[in-house]
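Visitor: Whatever this is, show me its structure:
(chains A and B)
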Number of protein chains: 2
Amino acid sequence: METKTLAHSTAEKLVQYIREQQLAPGAKIPTEYELARMLGVGRNTLREAVRMLASRNILEIRQGAGTFVCEKMGVSDDPLGFTLVSDRRRLTDELMEIRCIIEPSIAALAARNATEQELTELEQACAAVEQCIREGQDFTAADQVFHTIIARCTHNSVMSNLIPVITRGVSVYASETEQECVQTVRSHRRILQAIRLRHEADAQQAMLYHLLYNSYRRTKDSDSV
Amino acid sequence: METKTLAHSTAEKLVQYIREQQLAPGAKIPTEYELARMLGVGRNTLREAVRMLASRNILEIRQGAGTFVCEKMGVSDDPLGFTLVSDRRRLTDELMEIRCIIEPSIAALAARNATEQELTELEQACAAVEQCIREGQDFTAADQVFHTIIARCTHNSVMSNLIPVITRGVSVYASETEQECVQTVRSHRRILQAIRLRHEADAQQAMLYHLLYNSYRRTKDSDSV
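Guide: Prediction:
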């Protein structure tokens, strides 16, 4: 019990150290020996604290190379507990409902805040989706990258962290028809163009249309028309 | 390495078991002995798998009582990695930006979907905030409960999981003036009333007004007027 508390508080001190030093993702932290001395704890306690932070995606232990600030910056692998949801179809509906609410505004903020460098990345991501489609490959992953870069263009780090989480849960593209692929390409280009031209309202509408098109086609089987 | 892989896959099998049995939060899972037999692994491997799931808030080990499905249902304690953010003021701005986008729509969905039972809970949460204010206490926690219950009223579990995460990060109420407290009480009552009357558009606007009032007052120090 005593040891556990000590490992916990050591882990918190380590987090504080990373924050104060403003260590970037990928930065190497001092050796076990140095950290143990710095924080005034034994090496076993330190090792336990490091393991705790590794399981939270705050640190990453690379065998033989040392310990680094994790690229995931503390964002869990399954932050909102989707693993436990048994009704996957309902989960997808719920995620689409959230995306329709949040992503149009994100597109507008992206149009306002994107840097030239980010616009270039967004163009590349758009092209990558189109290439997958041309080659008849599953473009789920490429599509997620496109939406994640738009979120990053807002310069709101909470949005950048959140969007991959809610897009990762949705994988409805496997069954897309040719007509629907054409629609995806058009929608993506329209969104990209609006963001590039800094047309916030247009970016917002183009994103809303894109997501609603995908929501509605998912339910078309149950439509009576 | 071998053991680690086995513990990992055992953990996955356990998650699958919870999902298939549709075990609710708080449900007790079989004993270590039964699980080990059921999954065909040794007790050490099983124990490691259980510990892994406990660290992910999927299981909860209660000393002497057994192992249970965690009430947090796999939602991490800090899902989006706020612990690592050094600029707390900026984090608060970012969270308020997201809340202004997402919570008005959540209020509208709550007005559409809330059950009578949930409306009663929402009334109680509203009253709890008012009591804190009357007694001059910090009402941050009570306020978070109010907003979380609204999210639960949407019957979208992703929203119910997400709202506590983004409200927990914001604690700006400590410095609230009397005038601002009066405003909070009024806004909350207006939101509650609209949800109770099933007025979706009113609920949406009342929530937007409430959040914008809080956003704008946070920045008033830097205003030139």
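Visitor: my guess is residue A:29 meets residue A:65, correct?
Guide: No. Using C-beta atoms under 8 Å, residue A:29 is not in contact with residue A:65; the gap is 11.8 Å. All C-beta atoms are positioned from the backbone trio N, CA, C, and that covers glycine.
Visitor: Look at those two and report which has more neighbours.
Guide: residue A:29 (20 against 9; other C-beta atoms under 10 Å in any protein chain shown).
Visitor: any idea how far the more buried one is from residue A:138?
Guide: Using C-beta to C-beta, to the nearest Å, residue A:29 is found at 38 Å from residue A:138.
Visitor: residues touching residue A:166, list them.
Guide: When contacts are counted by C-beta atoms under 8 Å, 6 or more residues apart in numbering or on different chains, residue A:166 touches A:95, A:98, A:99, A:102, B:158.
Visitor: should've said residue A:200
Guide: A:108, A:109, A:111, A:112.
Visitor: where's it relative to residue A:103, distance?
Guide: In terms of C-beta to C-beta, residue A:200 sits 14 Å off from residue A:103.
Visitor: next one: residue A:67
Guide: 36 Å.
Visitor: do the same with residue A:55
Guide: 30 Å.
Visitor: what about those two, which has more around it?
Guide: Set residue A:55 next to residue A:103 and count neighbours by other C-beta under 10 Å: residue A:103 wins out with 25 against 15.
Visitor: list the contacts for the residue nearest to the more buried one when sequence neighbours are not counted?
Guide: In space, residue A:103 comes closest to residue A:207 once its chain neighbours are excluded; the distance is 5.3 Å by C-beta to C-beta, 6 or more residues apart in numbering or on different chains. For residue A:207, the contact set (C-beta under 8 Å, 6+ apart) comprises A:103, A:104, A:106, A:107, A:150, A:191.
Visitor: Residue A:179 now?
Guide: If a contact means C-beta under 8 Å, 6+ apart, then residue A:179 has no contacts.
Visitor: in a strand, that's where it is, yeah?
Guide: No. According to DSSP: H, G, I helix; E, B strand; the rest coil, residue A:179 belongs to no strand; its state is helix.
Visitor: Quickly note the distance from it to residue A:217.
Guide: For residue A:179, the distance to residue A:217 - C-beta to C-beta - is 10 Å.
Visitor: and what of residue A:95?
Guide: On the measure of C-beta to C-beta, residue A:95 and residue A:217 end up 15 Å apart.
Visitor: Just want to know which of the two has more residues nearby.
Guide: residue A:95 (21 against 17).
Visitor: Quick one: the strands in chain A, in order.
Guide: For chain A, applying DSSP state E gives strands covering A:59-62, A:66-69.
Visitor: most neighbours per residue, which of those strands?
Guide: Among the strands of chain A, the stretch with the highest mean neighbour count (mean count of other C-beta atoms under 10 Å in any protein chain shown) is strand A:66-69, at a mean of 17.
Visitor: tell me what it is packed against?
Guide: Taking 3 or more C-beta pairs under 8 Å, 6 or more residues apart in numbering or on different chains; DSSP states H and E as contact, the helices and strands that strand A:66-69 lies on are strand A:59-62.
Visitor: For chain A, spot the helix or strand the model is least confident about on average.
Guide: Lowest by mean pLDDT, DSSP states H and E among the helices and strands of chain A is helix A:2-20, with a mean of 83.
Visitor: Flag every buried residue along that one.
Guide: Buried residues in helix A:2-20, counted by 16 or more other C-beta atoms under 10 Å in any protein chain shown: A:6, A:7, A:10, A:11, A:13, A:14, A:15, A:18.
Visitor: what angle sits between the longest helix anywhere in chain A and helix B:88-113?
Guide: Scanning chain A for the longest helix, with DSSP state H as the assignment, gives helix A:88-113. If you take axes from the mean of the first three to the mean of the last three C-alpha atoms, to 10 degrees, helix A:88-113 sits at 130 degrees to helix B:88-113.
Visitor: Show me which residues of helix A:88-113 are buried.
Guide: A:91-111, A:113.
Visitor: residues contacting the residue nearest the centre of chain A?
Guide: Most central in chain A under C-alpha atoms, centre = their mean is residue A:164, positioned 2.6 Å from the mean C-alpha point. By C-beta under 8 Å, 6+ apart, the residues touching residue A:164 are A:144, A:148, A:151.
Visitor: and if you look at residue A:185?
Guide: Per C-beta under 8 Å, 6+ apart, neighbours of residue A:185: A:129, A:130, A:133.
Visitor: can you list those residues in JSON lines and add neighbour count and pLDDT?
Guide: Formatted as JSON lines, these follow (neighbours: other C-beta atoms under 10 Å in any protein chain shown; pLDDT from 0 to 100):
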{"residue": "A:129", "neighbour count": "23", "pLDDT": "94"}
{"residue": "A:130", "neighbour count": "16", "pLDDT": "95"}
{"residue": "A:133", "neighbour count": "21", "pLDDT": "91"}
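Visitor: Closest one of the residues you listed to chain B?
Guide: Distances from chain B to the contacts of residue A:185, taken as C-beta to the nearest C-beta, are shortest for residue A:129 (24.3 Å).
Visitor: who are the neighbours in contact with the residue nearest to that closest one when sequence neighbours are not counted?
Guide: The spatially closest residue to residue A:129, leaving aside those adjacent along the chain, is residue A:142, at 4.5 Å (C-beta to C-beta, 6+ apart). By C-beta under 8 Å, 6+ apart, the residues touching residue A:142 are A:125, A:128, A:129, A:131, A:132.
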